[in-house]
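Trainee: Have a look at this fold, sequence not included:
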(Lines give C-alpha, C1' and ligand atoms only; values in the text may rest on other atoms or scores of the structure.)
Protein backbone atom coordinates (compact mmCIF):
# COMPACT_ATOMS: atom_id res chain seq x y z
CA UNK A 1 0.00 0.00 0.00
CA UNK A 2 1.34 3.46 -0.87
CA UNK A 3 2.25 5.51 2.19
CA UNK A 4 -0.06 8.35 1.08
CA UNK A 5 -2.98 5.94 1.37
CA UNK A 6 -1.77 4.78 4.78
CA UNK A 7 -1.59 8.43 5.87
CA UNK A 8 -5.17 9.05 4.80
CA UNK A 9 -6.25 5.91 6.62
CA UNK A 10 -4.52 6.95 9.83
CA UNK A 11 -5.99 10.43 9.75
CA UNK A 12 -9.44 9.03 9.15
CA UNK A 13 -9.10 6.78 12.19
CA UNK A 14 -7.64 9.29 14.62
CA UNK A 15 -9.19 11.76 16.98
CA UNK A 16 -7.73 14.53 19.11
CA UNK A 17 -6.28 13.36 22.43
CA UNK A 18 -7.26 14.98 25.68
CA UNK A 19 -4.77 17.81 26.27
CA UNK A 20 -4.42 16.78 29.91
CA UNK A 21 -1.96 13.92 30.34
CA UNK A 22 -3.09 13.45 33.93
CA UNK A 23 -6.20 14.43 35.86
CA UNK A 24 -6.52 15.48 39.51
CA UNK A 25 -9.30 14.39 41.87
CA UNK A 26 -10.11 16.08 45.19
CA UNK A 27 -11.13 13.48 47.79
CA UNK A 28 -13.09 15.16 50.57
CA UNK A 29 -12.56 12.38 53.11
CA UNK A 30 -10.26 12.70 56.11
CA UNK A 31 -7.35 10.25 55.92
CA UNK A 32 -3.79 9.99 57.14
CA UNK A 33 -1.17 10.41 54.43
CA UNK A 34 -0.61 6.64 54.27
CA UNK A 35 -4.35 5.96 54.08
CA UNK A 36 -4.64 8.60 51.35
CA UNK A 37 -1.79 6.99 49.42
CA UNK A 38 -3.42 3.57 49.62
CA UNK A 39 -6.81 4.99 48.55
CA UNK A 40 -5.34 6.84 45.57
CA UNK A 41 -3.40 3.79 44.40
CA UNK A 42 -6.51 1.60 44.61
CA UNK A 43 -8.99 4.03 43.02
CA UNK A 44 -6.74 6.11 40.75
CA UNK A 45 -2.99 6.14 40.01
CA UNK A 46 -1.41 7.70 43.11
CA UNK A 47 -1.38 10.73 45.38
CA UNK A 48 -0.98 13.92 43.36
CA UNK A 49 2.36 14.69 41.76
CA UNK A 50 2.73 18.38 40.90
CA UNK A 51 5.06 19.38 38.06
CA UNK A 52 4.61 23.14 37.51
CA UNK A 53 2.54 26.26 38.21
CA UNK A 54 -0.13 25.17 35.71
CA UNK A 55 -0.71 22.12 37.89
CA UNK A 56 -1.05 24.38 40.93
CA UNK A 57 -3.82 26.37 39.25
CA UNK A 58 -5.61 23.12 38.44
CA UNK A 59 -5.27 21.95 42.05
CA UNK A 60 -6.74 25.17 43.41
CA UNK A 61 -9.69 24.95 41.02
CA UNK A 62 -10.70 21.41 42.04
CA UNK A 63 -11.26 22.19 45.71
CA UNK A 64 -14.93 23.01 45.00
CA UNK A 65 -14.88 25.97 47.39
CA UNK A 66 -13.49 23.91 50.25
CA UNK A 67 -10.88 26.15 51.89
CA UNK A 68 -9.09 23.42 53.80
CA UNK A 69 -5.76 21.81 53.08
CA UNK A 70 -5.20 18.45 51.39
CA UNK A 71 -2.45 15.86 51.19
CA UNK A 72 -0.34 15.67 48.05
CA UNK A 73 2.24 13.02 47.18
CA UNK A 74 5.34 14.52 48.87
CA UNK A 75 6.99 12.76 51.81
CA UNK A 76 10.29 13.31 53.62
CA UNK A 77 12.10 10.75 55.75
CA UNK A 78 15.42 11.16 57.61
CA UNK A 79 16.91 8.24 55.67
CA UNK A 80 16.22 9.90 52.30
CA UNK A 81 19.41 11.30 50.78
CA UNK A 82 19.46 15.03 50.11
CA UNK A 83 19.53 15.51 46.34
CA UNK A 84 20.37 18.59 44.26
CA UNK A 85 17.61 19.86 41.97
CA UNK A 86 16.94 22.79 39.67
CA UNK A 87 14.01 25.05 40.53
CA UNK A 88 12.67 24.76 36.98
CA UNK A 89 10.89 21.42 36.62
CA UNK A 90 12.23 19.33 33.75
CA UNK A 91 15.82 20.53 34.11
CA UNK A 92 17.84 17.57 35.35
CA UNK A 93 20.83 18.24 37.61
CA UNK A 94 23.87 16.69 35.96
CA UNK A 95 26.77 15.94 38.32
CA UNK A 96 29.21 16.02 35.40
CA UNK A 97 28.34 19.67 34.68
CA UNK A 98 28.64 21.05 38.20
CA UNK A 99 30.79 24.14 38.74
CA UNK A 100 31.49 24.29 42.48
CA UNK A 101 34.14 26.62 43.84
CA UNK A 102 37.09 25.04 45.67
CA UNK A 103 36.05 22.98 48.72
CA UNK A 104 32.35 23.38 47.89
CA UNK A 105 29.73 22.27 48.65
CA UNK A 106 30.88 22.52 52.27
CA UNK A 107 27.52 22.21 54.10
CA UNK A 108 28.97 24.14 57.04
CA UNK A 109 26.31 26.75 57.67
CA UNK A 110 26.13 28.29 61.13
CA UNK A 111 22.33 28.15 60.93
CA UNK A 112 22.15 24.53 59.80
CA UNK A 113 22.57 22.73 56.51
CA UNK A 114 23.43 24.67 53.36
CA UNK A 115 20.82 23.63 50.82
CA UNK A 116 20.67 26.52 48.34
CA UNK A 117 23.09 27.59 45.63
CA UNK A 118 24.59 30.99 44.95
CA UNK A 119 26.82 31.95 42.05
CA UNK A 120 29.91 34.13 42.32
CA UNK A 121 30.83 36.84 39.83
CA UNK A 122 33.14 34.28 38.14
CA UNK A 123 30.13 31.90 37.84
CA UNK A 124 31.46 29.30 40.28
CA UNK A 125 28.99 27.94 42.83
CA UNK A 126 28.75 28.07 46.60
CA UNK A 127 26.27 26.25 48.83
CA UNK A 128 24.61 28.43 51.43
CA UNK A 129 21.81 28.45 53.97
CA UNK A 130 18.57 29.43 52.25
CA UNK A 131 17.55 32.12 54.75
CA UNK A 132 20.41 34.52 53.93
CA UNK A 133 19.22 37.54 51.87
CA UNK A 134 21.01 37.79 48.49
CA UNK A 135 20.65 39.22 45.00
CA UNK A 136 19.12 36.67 42.60
CA UNK A 137 18.88 35.77 38.91
CA UNK A 138 15.53 35.34 37.12
CA UNK A 139 14.78 34.55 33.50
CA UNK A 140 11.92 34.94 31.02
CA UNK A 141 11.17 32.31 28.41
CA UNK A 142 9.30 33.39 25.28
CA UNK A 143 9.26 31.72 21.87
CA UNK A 144 12.17 29.43 22.79
CA UNK A 145 14.38 32.41 23.69
CA UNK A 146 15.59 33.55 27.10
CA UNK A 147 16.02 36.92 28.75
CA UNK A 148 17.89 37.14 32.04
CA UNK A 149 17.56 39.54 34.96
CA UNK A 150 19.82 40.22 37.92
CA UNK A 151 17.49 41.43 40.67
CA UNK A 152 19.44 43.63 43.07
CA UNK A 153 16.92 43.21 45.88
CA UNK A 154 18.03 41.20 48.89
CA UNK A 155 15.73 38.19 49.40
CA UNK A 156 15.92 34.70 50.85
CA UNK A 157 16.13 31.89 48.30
CA UNK A 158 12.48 30.97 48.86
CA UNK A 159 11.25 34.54 48.36
CA UNK A 160 13.54 34.97 45.36
CA UNK A 161 11.98 31.88 43.77
CA UNK A 162 8.47 33.25 44.41
CA UNK A 163 9.43 36.63 42.93
CA UNK A 164 10.84 35.05 39.77
CA UNK A 165 7.80 32.83 39.26
CA UNK A 166 5.36 35.70 39.79
CA UNK A 167 7.19 38.27 37.64
CA UNK A 168 9.20 36.17 35.18
CA UNK A 169 9.45 32.41 34.57
CA UNK A 170 11.71 31.07 37.34
CA UNK A 171 15.14 31.33 38.90
CA UNK A 172 17.72 30.53 36.21
CA UNK A 173 18.14 26.77 36.08
CA UNK A 174 20.28 24.34 34.14
CA UNK A 175 23.81 24.43 32.83
CA UNK A 176 22.90 26.03 29.49
CA UNK A 177 21.35 29.06 31.18
CA UNK A 178 24.18 29.40 33.66
CA UNK A 179 26.76 29.49 30.86
CA UNK A 180 24.88 32.03 28.73
CA UNK A 181 26.97 35.08 27.80
CA UNK A 182 24.21 37.41 29.01
CA UNK A 183 24.37 35.82 32.48
CA UNK A 184 28.16 36.26 32.49
CA UNK A 185 27.77 39.96 31.68
CA UNK A 186 25.19 40.44 34.42
CA UNK A 187 27.38 38.80 37.04
CA UNK A 188 30.51 40.65 35.89
CA UNK A 189 28.65 43.89 36.51
CA UNK A 190 27.47 42.80 39.97
CA UNK A 191 29.10 43.79 43.24
CA UNK A 192 28.14 40.53 44.97
CA UNK A 193 27.01 36.93 44.47
CA UNK A 194 23.42 35.93 43.67
CA UNK A 195 20.99 33.08 44.20
CA UNK A 196 20.13 30.91 41.22
CA UNK A 197 17.83 27.90 40.82
CA UNK A 198 19.94 25.24 42.60
CA UNK A 199 18.63 23.65 45.80
CA UNK A 200 18.62 20.30 47.55
CA UNK A 201 16.19 18.48 49.79
CA UNK A 202 15.16 14.99 50.83
CA UNK A 203 11.53 15.20 49.73
CA UNK A 204 10.25 12.49 47.37
CA UNK A 205 7.06 11.93 45.37
CA UNK A 206 4.81 8.99 46.21
CA UNK A 207 4.80 7.69 42.62
CA UNK A 208 8.61 7.62 42.47
CA UNK A 209 8.95 10.44 39.93
CA UNK A 210 11.87 12.84 40.24
CA UNK A 211 10.12 16.13 39.46
CA UNK A 212 11.90 19.04 41.15
CA UNK A 213 8.93 21.41 41.34
CA UNK A 214 8.30 22.77 44.85
CA UNK A 215 5.74 25.38 45.95
CA UNK A 216 6.38 25.77 49.68
CA UNK A 217 5.09 28.77 51.58
CA UNK A 218 7.62 31.47 52.39
CA UNK A 219 7.99 30.31 56.00
CA UNK A 220 9.20 26.87 54.93
CA UNK A 221 12.83 26.09 55.77
CA UNK A 222 14.62 23.98 53.15
CA UNK A 223 16.52 21.48 55.29
CA UNK A 224 16.59 17.76 55.87
CA UNK A 225 13.78 16.43 58.06
CA UNK A 226 14.61 14.86 61.40
CA UNK A 227 11.26 13.06 61.42
CA UNK A 228 8.84 11.71 58.83
CA UNK A 229 6.83 14.58 57.35
CA UNK A 230 4.29 14.82 54.54
CA UNK A 231 3.25 17.60 52.18
CA UNK A 232 -0.04 19.50 52.06
CA UNK A 233 -1.40 22.10 49.66
CA UNK A 234 -3.34 24.92 51.37
CA UNK A 235 -6.21 26.22 49.27
CA UNK A 236 -6.63 29.60 50.99
CA UNK A 237 -2.91 30.34 50.66
CA UNK A 238 -2.78 30.25 46.87
CA UNK A 239 -2.22 26.50 46.97
CA UNK A 240 1.17 26.92 48.65
CA UNK A 241 2.51 23.91 50.48
CA UNK A 242 3.33 23.21 54.08
CA UNK A 243 4.40 20.06 55.89
CA UNK A 244 2.84 18.22 58.82
CA UNK A 245 3.13 14.92 60.61
CA UNK A 246 1.72 12.21 58.39
CA UNK A 247 -0.74 10.81 60.96
CA UNK A 248 -3.04 13.84 60.77
CA UNK A 249 -6.35 13.14 59.01
CA UNK A 250 -6.94 15.42 56.02
CA UNK A 251 -8.62 15.36 52.58
CA UNK A 252 -6.30 14.40 49.74
CA UNK A 253 -5.73 14.88 46.02
CA UNK A 254 -5.25 11.87 43.74
CA UNK A 255 -4.34 11.77 40.07
CA UNK A 256 -5.12 9.54 37.09
CA UNK A 257 -2.26 9.03 34.63
CA UNK A 258 -3.43 9.06 31.01
CA UNK A 259 -0.12 7.71 29.67
CA UNK A 260 1.11 4.13 29.87
CA UNK A 261 4.54 2.70 29.06
CA UNK A 262 4.40 -0.69 27.34
CA UNK A 263 7.58 -2.69 27.93
CA UNK A 264 7.16 -4.84 24.83
CA UNK A 265 9.36 -4.54 21.76
CA UNK A 266 7.34 -3.70 18.67
CA UNK A 267 7.79 -2.10 15.26
CA UNK A 268 6.25 1.35 14.93
CA UNK A 269 3.20 0.08 13.02
CA UNK A 270 2.65 -2.77 15.51
CA UNK A 271 2.98 -0.22 18.31
CA UNK A 272 0.34 1.97 16.67
CA UNK A 273 -2.02 -0.96 16.30
CA UNK A 274 -1.43 -2.08 19.90
CA UNK A 275 -2.17 1.36 21.36
CA UNK A 276 -5.35 1.79 19.31
CA UNK A 277 -6.66 -1.67 20.12
CA UNK A 278 -5.84 -1.61 23.85
CA UNK A 279 -5.78 2.06 24.89
CA UNK A 280 -6.26 5.14 22.71
CA UNK A 281 -3.27 5.98 20.50
CA UNK A 282 0.49 6.34 20.37
CA UNK A 283 1.42 9.38 22.41
CA UNK A 284 1.35 12.90 20.97
CA UNK A 285 3.55 15.66 22.45
CA UNK A 286 2.35 19.22 21.81
CA UNK A 287 4.28 21.27 24.39
CA UNK A 288 7.15 21.23 26.87
CA UNK A 289 4.89 20.25 29.79
CA UNK A 290 3.83 17.11 27.90
CA UNK A 291 7.48 16.37 27.14
CA UNK A 292 8.51 16.68 30.80
CA UNK A 293 5.69 14.42 32.00
CA UNK A 294 6.34 11.73 29.37
CA UNK A 295 10.12 11.70 29.70
CA UNK A 296 9.68 10.84 33.38
CA UNK A 297 7.64 7.79 32.37
CA UNK A 298 10.08 6.52 29.73
CA UNK A 299 12.96 6.35 32.24
CA UNK A 300 11.62 2.91 33.15
CA UNK A 301 11.73 1.55 29.58
CA UNK A 302 13.78 -1.55 28.73
CA UNK A 303 14.97 -0.17 25.36
CA UNK A 304 17.10 2.88 24.52
CA UNK A 305 14.16 4.49 22.71
CA UNK A 306 10.37 4.42 22.90
CA UNK A 307 8.00 4.89 19.98
CA UNK A 308 5.84 8.00 19.80
CA UNK A 309 3.00 8.73 17.38
CA UNK A 310 5.29 10.67 15.08
CA UNK A 311 5.77 9.65 11.43
CA UNK A 312 7.35 11.06 8.25
CA UNK A 313 5.66 10.80 4.89
CA UNK A 314 7.84 10.90 1.77
CA UNK A 315 4.89 11.49 -0.51
CA UNK A 316 3.72 14.66 1.22
CA UNK A 317 7.15 15.55 2.65
CA UNK A 318 6.37 16.35 6.29
CA UNK A 319 6.31 14.90 9.80
CA UNK A 320 2.91 14.42 11.41
CA UNK A 321 1.31 13.12 14.60
CA UNK A 322 -1.08 10.22 14.05
CA UNK A 323 -3.52 11.95 16.44
CA UNK A 324 -3.87 14.64 13.72
CA UNK A 325 -2.07 17.25 15.81
CA UNK A 326 0.22 19.64 13.93
CA UNK A 327 3.92 19.25 14.75
CA UNK A 328 4.59 22.65 16.34
CA UNK A 329 6.53 21.84 19.52
CA UNK A 330 9.75 19.97 18.66
CA UNK A 331 12.46 18.33 20.76
CA UNK A 332 14.73 16.82 18.11
CA UNK A 333 18.32 15.88 18.90
CA UNK A 334 20.97 18.03 17.26
CA UNK A 335 21.14 17.31 13.54
CA UNK A 336 17.74 15.58 13.51
CA UNK A 337 15.64 15.03 11.57
CA UNK A 338 17.13 14.85 8.12
CA UNK A 339 13.99 13.81 6.28
CA UNK A 340 14.03 10.24 5.04
CA UNK A 341 11.52 7.64 3.95
CA UNK A 342 10.27 4.84 6.22
CA UNK A 343 11.08 6.80 9.37
CA UNK A 344 9.14 7.27 12.61
CA UNK A 345 9.83 9.30 15.75
CA UNK A 346 11.20 7.83 18.97
CA UNK A 347 12.25 9.42 22.26
CA UNK A 348 15.53 8.68 24.04
CA UNK A 349 14.86 6.92 27.34
CA UNK A 350 17.96 8.44 28.95
CA UNK A 351 20.11 11.54 28.69
CA UNK A 352 18.19 14.61 27.50
CA UNK A 353 15.23 12.53 26.19
CA UNK A 354 15.56 14.03 22.73
CA UNK A 355 13.59 12.82 19.70
CA UNK A 356 15.29 10.81 16.98
CA UNK A 357 14.13 9.41 13.66
CA UNK A 358 14.24 5.61 13.55
CA UNK A 359 13.48 3.03 10.88
CA UNK A 360 9.88 2.00 11.44
CA UNK A 361 10.81 -1.70 11.42
CA UNK A 362 13.08 -1.29 14.48
CA UNK A 363 11.60 -2.72 17.66
CA UNK A 364 11.29 -0.61 20.82
CA UNK A 365 9.05 -0.12 23.83
CA UNK A 366 6.14 2.25 23.26
CA UNK A 367 4.09 4.79 25.17
CA UNK A 368 0.33 4.99 24.65
CA UNK A 369 -2.23 7.60 25.59
CA UNK A 370 -5.27 6.24 27.45
CA UNK A 371 -8.92 7.07 26.89
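Mentor: Happy to help now that I have it. All figures in this text were calculated on a predicted structure; none of them were measured in a lab. Numbering: from 1, shown residues only.

Trainee: Does residue 285 touch residue 308 like I think?
Mentor: Yes - using C-beta atoms under 8 Å, residue 285 is in contact with residue 308, at 6.6 Å. (Each C-beta comes from the backbone N, C-alpha and C, glycine too.)

Trainee: Next up, the contacts around residue 210.
Mentor: Taking C-beta atoms under 8 Å, 6 or more residues apart in numbering, we find residue 210 in contact with 92, 296.

Trainee: So it lies in a strand, does it not?
Mentor: No - counting by DSSP: H, G, I helix; E, B strand; the rest coil, one finds residue 210 to be coil, located in no strand.

Trainee: so how far is residue 320 from it?
Mentor: Distance of residue 210 to residue 320, given as C-beta to C-beta, to the nearest Å: 31 Å.

Trainee: likewise residue 61?
Mentor: 33 Å.

Trainee: Between these two, which is the more surrounded one?
Mentor: Between residue 61 and residue 320, counted using other C-beta atoms under 10 Å, residue 320 has the larger neighbour count: 19 against 12.

Trainee: ok, now how distant is that one from residue 280?
Mentor: 17 Å.

Trainee: and what of residue 256?
Mentor: 13 Å.

Trainee: what does residue 152 give?
Mentor: Residue 152 is 51 Å from residue 280, by C-beta to C-beta.

Trainee: Ok, residue 101 next?
Mentor: Taking C-beta to C-beta as the measure, residue 101 and residue 280 are separated by 50 Å.

Trainee: what about these two, which has more around it?
Mentor: Legend: neighbour count by other C-beta under 10 Å for residue 101 and residue 280, higher for residue 280 (19 against 16).

Trainee: can I assume residue 180 is in contact with residue 146?
Mentor: Yes - counting by C-beta under 8 Å, residue 146 is a contact partner of residue 180 at 6.9 Å.

Trainee: quick one, what contacts the nearest residue to residue 192 once chain neighbours are set aside?
Mentor: For residue 192, ignoring the flanking residues on the chain, the nearest one in space by C-beta to C-beta, 6 or more residues apart in numbering is residue 135 at 6.0 Å. Residue 135 makes contact with 150, 151, 152, 153, 154, 190, 192, 193, 194, 195, according to C-beta under 8 Å, 6+ apart.

Trainee: Spell out for me the ChimeraX command that would select the buried members of those.
Mentor: Filtering the contacts of residue 135 down to the buried ones (16 or more other C-beta atoms under 10 Å) takes a single ChimeraX command:
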select :150,151,190,193,194,195
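
Trainee: can you give me the helices in this structure?
Mentor: Under the criterion DSSP state H, the chain carries helices at the ranges 3-13, 33-43, 53-61, 157-167, 175-178, 181-188, 268-278, 288-298.

Trainee: how about those helices, which one is nearest residue 105?
Mentor: With C-beta to C-beta as the measure, helix 157-167 is the member of the helices of the chain nearest residue 105 (14.4 Å).

Trainee: How far off centre is the closest one?
Mentor: 18 Å (C-alpha atoms, centre = their mean, to the nearest Å).

Trainee: okay, the angle between that helix and helix 53-61?
Mentor: Angle, helix 157-167 to helix 53-61, by axes from the mean of the first three to the mean of the last three C-alpha atoms, to 10 degrees: 90 degrees.

Trainee: list the contacts for the closest residue in space to residue 72 that isn't next to it in sequence?
Mentor: Using C-beta to C-beta, 6+ apart and skipping the chain neighbours, the partner closest in space to residue 72 is residue 48 (4.6 Å). Listed by C-beta under 8 Å, 6+ apart, the contact partners of residue 48 are 24, 40, 59, 72, 73, 252, 253, 254, 255.
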